[in-house]
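Colleague: Show me how the following folds:
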Amino acid sequence: MSSRPPASRGALARTWAYLLTLLLALSSLLVPQQAFAGPAPQEGSPIVFTDISFESDEFASGTQQRLNVEWEIEGEATNPVTIELALPPGLSAANDRFRLAGPDGSPAGECTVQNNRITCIADEDFINENPHDVSGDFFIRVTATENNKETVDRTFDIGGFKNEVTLHRNVNWCTENCTHGKEWAGKWGWYDNLNDRIVWTVNLPAEEQGMTPGQKVSVTDVMDPDDYTLLREEGYPRVLQAKSKVYSSWGREGLDYQTMDSDKVQWSEDGLTATFTTEKGLGSDYTSGSCDVIDGIKSDCARGTDGAFYQVQWYVEVDTPGELQSDGSRKFYNGAEYTIVGKTKTIEKSETRRQASGGNIVGRNFGKFQVAKELTGDTTLNPEFQVTYTYQEPGQEERTVTKKFRAGDTFTSEEIFRGTTVTIEEIKPTDPSNVTWDDPVFTDEKGNPVTELTFSVESGNLGKVTKLKLSNRAMLDRGTFKAQKKVENPDGVPVADGLEYTLAYSYPADEDKGFPAGSGTLTLPANGDVVESDKLPVGAVLTVEEINLPEVPGATWDTPVLSQDTVTIGEGK
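Modeller: Next up is the predicted model:
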């Protein structure tokens, strides 16, 4: 007769405790490639570029993108200090001029962008007064010029830094609503950043075939003489006239504007009013070109119109700083009025913007700080941390700045004047409830704790970026469970001494509680001794089962019976 010792009815006792274990995190500092954009000056200090990168690594060709450039001078700076950077093929930047500004807003130099080459020259007096550890940064807006119709990957080598980007279809391609219709009245401006001048344009209303020939028209620019000075150069002011419509290489139909003969336009003495008579177009029966359609794009095609279309343009010197916007651009306003066959209409207020580039130099009298976020411990969490810093520069009101970032991120402060003390703190996280957060610690590059930062000669942190590390340690609360083996053998089947039984457990990851999936086993002796598990994350929901039952000659095991199939760490004892 065979006897069948049934499986254990293991009485699972549960308990929990806190585990305090120090986990060491290994961090690496990636030193960016250093490169010169061009030959160093014969005299003066060589410039080293420390980073050149796009603000975004994915965008459409034909759109403006911000390009950030950081540089430094190693050792003591001597004049002249010049930065030169040429854009590679496939990138274009509009001609521009912008100043390098010191932290207090005083001029520290000037940058120009011309023919896709950026040249920055630091002010000699600034370098003489701030010769130590000079560094700076600037940004410009560039456009990818590739005529791609599909998404492509490209690498732009800019000053030795290889930027890998994804270029989506060029936004200038036209496949829908590409035929030109009527014109509406309006006014707009184009800002010439290089020369700080504006071309103001008044667009006259017209139907699809242009304005009716023979109409007397006058157009007046209504400008404030304190804001602008009219320029009579480079062919301005002028009237533009279009007598036909043509398709561009992008497949979009537009007006073929040409400058109207000067003897057909009468200008007022102040040059602000143009008077002329509308003319016939080339005629609606006029066509030229093949009008072939290739890949859905029509090109090499022109058609005449019965009447003509008109724009009037003025070129002005800008004598006002404009209205500063939150994004750093500056807004400028102007008005106009036009009369067609005795009927006058007014364009009250038109606007244009100067989309300025910018840069700054950090010299001996100023400093910045940078905070890199590090999270140590045994959790998988990476929440958003909030850092607040407060300072009051001499003669200024107190300023408080709040930054939010995650582990692995950094942020850099604005320039801060010498003699200023900055107090830095982080709001200590409290969630989730199964995690214990140590107090956050700010340390400098030598590992010294930092609670405040004073920019001074004595501190040796003027003219540079002081790098700080903000460390948080987050430890999972941990607990254990206990189990014991009970063997039921009513038939007294001989069982070898020292048999052991295996209880397996596993639990899934919990993203909200910050722990990964895990598993393990407990080895239970047959004598019923209680065995305690390793420390496991509080909140882990364990699935348990008995596995690999030992063989007993002449007997068969019943299906194991557990007092419970799941265990939650941290619930009960």
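Colleague: Return the helix or strand in the protein with minimum mean pLDDT.
Modeller: The weakest-scoring helix or strand in the chain, judged by mean pLDDT, DSSP states H and E, is strand 13-16 (a mean of 25).
Colleague: following that strand, which helix or strand shows up next?
Modeller: strand 48-54 (DSSP states H and E).
Colleague: Let me see the mean pLDDT of that following strand.
Modeller: Average pLDDT, strand 48-54: 92.
Colleague: chain center to stretch 273-282: distance?
Modeller: Chain-centre distance of stretch 273-282: 48 Å, with Cα atoms, centre = their mean, to the nearest Å.
Colleague: Alpha carbons only: can I get that stretch in PDB?
Modeller: Output in PDB follows, covering the C-alpha atoms of stretch 273-282 (Å, rounded to 0.1, in the frame of the first residue of the first chain):
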ATOM      1  CA  THR A 273       3.700 109.600 -50.600                       C
ATOM      2  CA  ALA A 274       3.800 107.900 -54.000                       C
ATOM      3  CA  THR A 275       1.200 108.800 -56.700                       C
ATOM      4  CA  PHE A 276       0.800 106.800 -59.900                       C
ATOM      5  CA  THR A 277      -1.800 105.400 -62.400                       C
ATOM      6  CA  THR A 278      -2.500 101.700 -62.600                       C
ATOM      7  CA  GLU A 279      -1.600 100.000 -65.900                       C
ATOM      8  CA  LYS A 280      -2.600  97.100 -68.000                       C
ATOM      9  CA  GLY A 281      -1.100  93.700 -67.300                       C
ATOM     10  CA  LEU A 282       0.200  91.300 -70.000                       C
END
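Colleague: quick one: contacts of it?
Modeller: Applying Cβ atoms under 8 Å, 6 or more residues apart in numbering, the external contacts of stretch 273-282 come out as 209-221, 237, 239, 241-244, 260, 264-268, 304-308, 310, 312. C-beta coordinates here come from the backbone N, C-alpha and C atoms, glycine included.
Colleague: Just the buried residues of the longest strand along the chain, please?
Modeller: In the chain, with assignment by DSSP state E, the single longest strand is strand 301-318. For strand 301-318, burial by neighbour count (16 or more other Cβ atoms under 10 Å) applies to 301-316, 318.
Colleague: Stretch 546-557 now?
Modeller: 546, 552, 557.
Colleague: can I assume the first one sits in a helix?
Modeller: No: with the criterion set as DSSP: H, G, I helix; E, B strand; the rest coil, the secondary structure at residue 546 is strand rather than a helix.
Colleague: what separates the spatially closest residue to it that is not a sequence neighbour from residue 501, distance-wise?
Modeller: Counting by Cβ to Cβ, 6 or more residues apart in numbering, the nearest residue to residue 546 once its immediate chain neighbours are dropped is residue 560, at 4.1 Å. Going from residue 560 to residue 501 by Cβ to Cβ, to the nearest Å gives 9 Å.
Colleague: Comparing the two, which shows the higher neighbour count?
Modeller: More neighbours surround residue 501 than the other of residue 560 and residue 501, with 23 against 17 (other Cβ atoms under 10 Å).
Colleague: Look up which helix or strand the more buried one falls in, please.
Modeller: strand 500-507.
Colleague: Would you mind checking the average pLDDT for that strand?
Modeller: 92.
Colleague: Who does it pair with, and is each partner parallel or antiparallel?
Modeller: strand 518-525 (antiparallel), strand 541-547 (antiparallel) (DSSP bridges).
Colleague: how distant is that strand from the center of its chain?
Modeller: 49 Å.
Colleague: coming back round to it: of the contacts of stretch 273-282, grab the buried ones for ChimeraX.
Modeller: One line in ChimeraX is enough to select the buried ones among the contacts of stretch 273-282; burial here means 16+ other Cβ under 10 Å:
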select :209,210,211,217,218,219,220,221,237,239,241,242,243,244,260,265,267,304,305,306,307,308,310,312
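Colleague: In helices only, show me the contacts of stretch 273-282.
Modeller: Among those, DSSP state H puts none in helices.
Colleague: which ones among the contacts of stretch 273-282 are found in strands?
Modeller: Those of the contacts of stretch 273-282 lying in strands (DSSP E): 216-221, 239, 241-244, 266-267, 304-308, 310, 312.
Colleague: Could you report the pLDDT at residue 566?
Modeller: Value for residue 566, per-residue pLDDT: 86.
Colleague: same check, this time on residue 281
Modeller: Value for residue 281, per-residue pLDDT: 97.
Colleague: Report how many residues lie close to it.
Modeller: Counted with other Cβ under 10 Å, residue 281 comes out at 23.
Colleague: before we move on, what about the one 4 residues further on?
Modeller: Using other Cβ under 10 Å, residue 285 has 8 neighbouring residues.
Colleague: Repeat that for the one 5 residues further on.
Modeller: For residue 290, the tally of surrounding residues (other Cβ under 10 Å) stands at 9.
Colleague: Was I right to think it contacts residue 301?
Modeller: Yes: judged on Cβ atoms under 8 Å, residue 290 makes contact with residue 301 at a distance of 6.9 Å.
Colleague: The longest strand of the chain to strand 216-222, inter-axis angle?
Modeller: Angle of strand 301-318 versus strand 216-222, following axes from the mean of the first three to the mean of the last three Cα atoms, to 10 degrees, is 40 degrees.
Colleague: which helices and strands does strand 301-318 pack with?
Modeller: Secondary-structure packing of strand 301-318 (3 or more Cβ pairs under 8 Å, 6 or more residues apart in numbering; DSSP states H and E): strand 197-203, strand 216-222, strand 228-231, strand 238-247, strand 253-259, strand 287-289.
Colleague: Can you tell me the closest non-neighbouring residue to residue 388?
Modeller: residue 402 (5.0 Å).
Colleague: Can you give the strand pairings for the helix or strand containing residue 401, parallel or anti for each?
Modeller: Taking DSSP H and E as the definition, one finds residue 401 inside strand 399-405. Here strand 399-405 is paired, per DSSP bridges, with strand 385-391 (antiparallel).
Colleague: list the buried ones in the strand it pairs with?
Modeller: Quick answer for strand 385-391 (16+ other Cβ under 10 Å): 385, 387, 389, 391.
Colleague: again with stretch 398-408
Modeller: In stretch 398-408, counting by 16+ other Cβ under 10 Å, buried: 403, 405, 407.
Colleague: Any buried residues in stretch 253-265, and which?
Modeller: 253, 255, 257, 260, 265.
Colleague: of all these, which two lie farthest apart?
Modeller: 253 and 265 (26.7 Å; Cβ to Cβ).
Colleague: tell me the contacts of residue 406?
Modeller: Residue 406 touches 373, 382, 383, 384, 385, counting by Cβ under 8 Å, 6+ apart.
Colleague: Reformat those residues as CSV; add secondary structure and pLDDT.
Modeller: CSV is the format used below for these (DSSP: H, G, I helix; E, B strand; the rest coil; pLDDT from 0 to 100):
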residue, secondary structure, pLDDT
373, strand, 88
382, coil, 86
383, coil, 87
384, coil, 85
385, strand, 89
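Colleague: Select only the buried ones of those residues in PyMOL?
Modeller: Buried subset of those, written as a PyMOL selection, criterion 16+ other Cβ under 10 Å:
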select buried, resi 373+383+385
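Colleague: Include distance to residue 248 when you put the contacts of residue 406 into a markdown table, please.
Modeller: Converted to a markdown table, the contacts of residue 406 look like this (distance: Cβ to Cβ, whole Å):
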| residue | distance to residue 248 |
| --- | --- |
| 373 | 49 |
| 382 | 48 |
| 383 | 51 |
| 384 | 47 |
| 385 | 50 |
